[in-house]
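Q: Next one to model:
(one chain, ligands or ions: 2)
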Amino acid sequence: MSLLEVENLRTHFISRDIDNQIRVAKALNDVSFRLEAGKVLGFVGETGAGKSLTAQSICGLLRPPARIVGGSVLFDGQDLIEMPQEELNALRGDQIAMVVQNPRTSLDPLTRIGDQLVRIHQAHTGGPVTASRGRALDMMQAVGIPDPANRSNAWPHELSGGMAQRVLIAMALMNNPKLLIADEPTTGLDVTVQAQILDLMKGLTERFGMAMIIITHDLGIVAHYSDEIAVMFAGTIVESGPVREVFAKPDHPYTRSLIASTPEKLQIGGGAKLGGQPPDLYNLPSGCPLRTRCTFAEDVCATPPTRKQIGGGHYSVCHFSGALPEGGGPQ
Ligand SMILES: Nc1ncnc2c1ncn2[C@@H]1O[C@H](COP(=O)(O)OP(=O)(O)O)[C@@H](O)[C@H]1O
Ligand SMILES: [Mg+2]
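A: Numbering: from 1, shown residues only. Ligands and ions are numbered 1, 2, ... in the order given. Take a look at the predicted model:
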């Protein structure tokens, strides 16, 4: 069994319009993937594809009108969708930790950072406070914060963006999680700091045997730091597999277009940039969600494509999986 097994996860926004008619935005549609212990999985896709919503659905962080309407999430054999909210809250911050964009908004401005680290350890693990203080200093050291004993007295506003992100990662590590979910962890940081933080996170997964999900719109980050890739489009995973395999032989027209629109060093599969607007989640086209933008589209694409295995652990959801010409992509 894998550490995380997500099957046909569906999350919709259900609301009523001014005429009291029910409106449904189908934001996640049959998201399925697995993640093994100790591995790094990169989620990519354009803004609005459903990457953050996937993370929030897994962690029980959805807010109305978002609601899980189908599927299953098994973490370490436990069903997270059926789990009572209190138990799920206890699991989050303990066995599953999240690091989000904008670290400053996730830190309590009125508490010194050392005390925030101690608090999260006490809330989940308990034990003597001195042990939590020791752990806090160890984790600050692990994330490369210089002079932890002194820095633990700092207030959040005294930290640079990069340091604040390191503190968040230290917080995430306090209870030795099995899974770390990092949602755009370095967006907004300058390129050098970005690389330092990502190198650090990758090193920590190896050191602590953690699995990690990195969510990003940057294909280069996935290529560099992940073992596996999941490409999202319109609330579904259109292609997934081992990173090398997917970059060497991208199958889905959307994956090809993503690779084509990134800098030259990543252009392996060929293909043209994808035009057009993301589909309206309130009114998704029948069949393949990409079909209105895909130059390969034919009549059959108005019916839903199934997920096909095209290599070892490599899956694609296209009627023409394995049958499209090399290179070339939607115009
Ligand atoms: N309250 C809402 N009602 C309807 N749709 C929403 C609501 N909130 C977010 N969405 C939609 O959910 C989709 C998924 O968003 P998100 O997971 O944040 O995308 P990503 O992280 O890939 O950029 C987006 O297309 C967004 O428009
Ligand atoms: Mg997001």
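Q: buried sites along stretch 299-308?
A: For stretch 299-308, burial by neighbour count (16 or more other Cβ atoms under 10 Å) applies to Cys301, Pro305, Arg307. C-beta coordinates here come from the backbone N, C-alpha and C atoms, glycine included.
Q: Can you give me the end-to-end span of it?
A: 19 Å (Cα to Cα, to the nearest Å).
Q: Need the buried residues of stretch 299-308 in a markdown table (columns: secondary structure, pLDDT and distance to Asp227).
A: Shown next, in a markdown table, are the buried residues of stretch 299-308 (DSSP: H, G, I helix; E, B strand; the rest coil; pLDDT from 0 to 100; distance: Cβ to Cβ, whole Å):
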| residue | secondary structure | pLDDT | distance to Asp227 |
| --- | --- | --- | --- |
| Cys301 | helix | 97 | 31 |
| Pro305 | coil | 97 | 26 |
| Arg307 | coil | 94 | 20 |
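Q: buried set for the helix or strand of the chain with the lowest mean pLDDT?
A: Every helix and strand of the chain was ranked by mean pLDDT, DSSP states H and E. The lowest is helix 103-106, at a mean of 82. The neighbour-count check on helix 103-106 (16+ other Cβ under 10 Å) flags Pro103, Ser106 as buried.
Q: got it, and stretch 182-193?
A: Those would be Ala182, Asp183, Glu184, Pro185, Thr186, Leu189, Val193, for stretch 182-193 by 16+ other Cβ under 10 Å.
Q: cool, stretch 195-206 as well?
A: Gln196, Ile197, Leu198, Met201, Lys202, Leu204, Thr205.
Q: residue ranges of the helices in the stretch 201-331 of the chain, please?
A: 219-225, 243-248, 253-260 (DSSP state H, counting those that start in this stretch).
Q: what's the most buried one of these?
A: helix 253-260 (a mean of 26; mean count of other Cβ atoms under 10 Å).
Q: That one close to ligand 1?
A: No. Contact of helix 253-260 with ligand 1 (Cβ under 6 Å from any ligand atom) is absent, the minimum separation being 13.0 Å.
Q: avg pLDDT for that helix?
A: The average pLDDT within helix 253-260 is 91.
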